[in-house]
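**Q** Predicted model and sequence follow; I will ask about them next.
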Amino acid sequence: MKPATATINGSALRHNIELIKSLAPNSKICAVVKANAYGQGISRVIKSLENHVDAFGVARIKEALTIQESGYAGKILLLEGFFDREELLKTLSRRFDTVIHCVEQLELLLQAAKEWQAEQEKGFWKRKTKIYFPITVWLKIDTGMHRLGVHPEQVAEFHQKLTACPLVEKVNFVSHFSRADELDCGYTEKQIEIFEAVSQHFDVERSISASSGILYWKQAHYDWVRPGIIMHGISPHNKPITDLGFKPVMTLSSSLIAVRSHKAHEPVGYGGYWVSHRDTNIGVVAIGYGDGYPRNTPEGTPVLINGRKVPVIGRVSMDMMTVDLGPDSIDKVGDEVVLWGEDLLIEEVADAIGVINYELITKLTPRVITEYKES
Ligand SMILES: *Cc1c(COP(=O)(O)O)cnc(C)c1O
């Protein structure tokens, strides 16, 4: 009997990547694998994808180091750049691509370049064990998200300083949409317009589209697209994308560890706030918030048992939760319970719980067993 298990389908992952390539045929792909590849397991996702994408994008330098140490020798992009001098020096010695989004990062880089040049001139450099490589810097431009990025009017100055820096091999321009999943709000058109205007006089590679941009804003694919969640067959909003041909990569499942006959008017679980109005059978499932299944899951959220949806009832506890199997059920201890997967889409579950898909998959805990299959 298996407790909480995430089964990852490698061929579905590659199918989704091929689909992304067909949606953005003229763009290179920076596969975003932050947060343990969206909870799917970074090492295996890298192995599955390394020959199918042009770069990997991460949010923390630790994630970049993990990827490089797993043997991947290609391009790795720090999506928020280095956070301090120590990380910058690692970025240079490991030859990571980095975003620069603010003046503090620019100054750290220029300072390191100055020291590097001084040491080279003194001839000390050769004796050092650490070698720094000129790297590709992705200048982040704020086109309307107003979270990270330099203002459009600062772009020329940043670009000039970066291209003059001996530790910079190449400068790309990058930005990010804030409302790309809202097709009629008009905001994305404005962001594209600003990105166009600010980049038109520069000979740079450009990138602005993550998952929603790839799906809905063809005119904004540019040189690089940065897919994250859609690689896993999961929608960037709560409306499924299986009708676009994407295949869910993860199935989260567990097992029934008890089936109990239950009397009408009796409560179940902590707080006793769920009370059955009829005689029924209660199933106990070996998954809880200690595995990452949200504790505040409302009554009625579906799980799949023996091909039918049954409702979660009572409060989700750390290691278990309870479902109402119904008075006529024949489900047995050991039967599989699917929390989400191909036949119960995560979008439906997220919608019932009132969270976004991203949160459900990235909050799974290390206790969940991860298994990989190829078909
Ligand atoms: C997370 C992230 C992505 C990927 O986003 P999805 O919506 O999962 O495709 C792309 N670019 C940046 C800068 C990110 O932080």
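**A** Alright, I've got the coordinates.

**Q** Name the strands paired with the host helix or strand of Val337 and say parallel or antiparallel.
**A** For Val337, the host element (DSSP states H and E) is strand 336-340. Here strand 336-340 has these sheet partners by DSSP bridges: strand 250-262 (antiparallel), strand 302-305 (antiparallel).

**Q** Would you enumerate the residues in contact with the spatially closest residue to Val355 that is not a sequence neighbour?
**A** With sequence-adjacent residues excluded and distances taken as CB to CB, 6 or more residues apart in numbering, Val355 is closest to Pro294, at 6.5 Å. The C-beta positions use only the backbone N, C-alpha and C, and glycine is treated the same way. Counting by CB atoms under 8 Å, 6 or more residues apart in numbering, Pro294 makes contact with 316, 353, 355, 360, 363.

**Q** which one of the strands paired with strand 336-340 lies closest to Arg60?
**A** Nearest to Arg60 among the strands paired with strand 336-340 is strand 250-262; the distance by CB to CB comes to 21.7 Å.

**Q** List phi and psi for the residue in the chain that the ligand sits nearest to.
**A** Proximity of the chain to the ligand (CB to the nearest ligand atom) peaks at Gly228, 2.3 Å away. Main-chain torsions, Gly228, degrees, to the nearest 10: phi -120, psi -90.

**Q** Verify the contact between it and Val32 for me.
**A** Yes. Contact status for Gly228 versus Val32: in contact at 3.8 Å, counting by CB atoms under 8 Å.

**Q** any common contacting residues for the two?
**A** If you check Gly228 and Val32 against CB under 8 Å, 6+ apart, the residues they both contact are 57, 210.

**Q** In the stretch 51-200 of the chain, where is pLDDT below threshold?
**A** Counting by pLDDT under 70, the ranges of the stretch 51-200 of the chain that qualify are 124-130.

**Q** again, only this time at 90
**A** Residue ranges of the stretch 51-200 of the chain with pLDDT under 90: 116-133.

**Q** Can you pull the residues of this structure lying near the ligand?
**A** 32, 34, 79, 176, 210-211, 226-229, 236 (CB under 6 Å from any ligand atom).

**Q** Make TSV out of these and add neighbour count.
**A** Shown next, in TSV, are the residues of the chain next to the ligand (neighbours: other CB atoms under 10 Å):
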residue	neighbour count
Val32	23
Lys34	19
Leu79	25
His176	22
Ala210	22
Ser211	26
Arg226	23
Pro227	27
Gly228	22
Ile229	22
Pro236	22
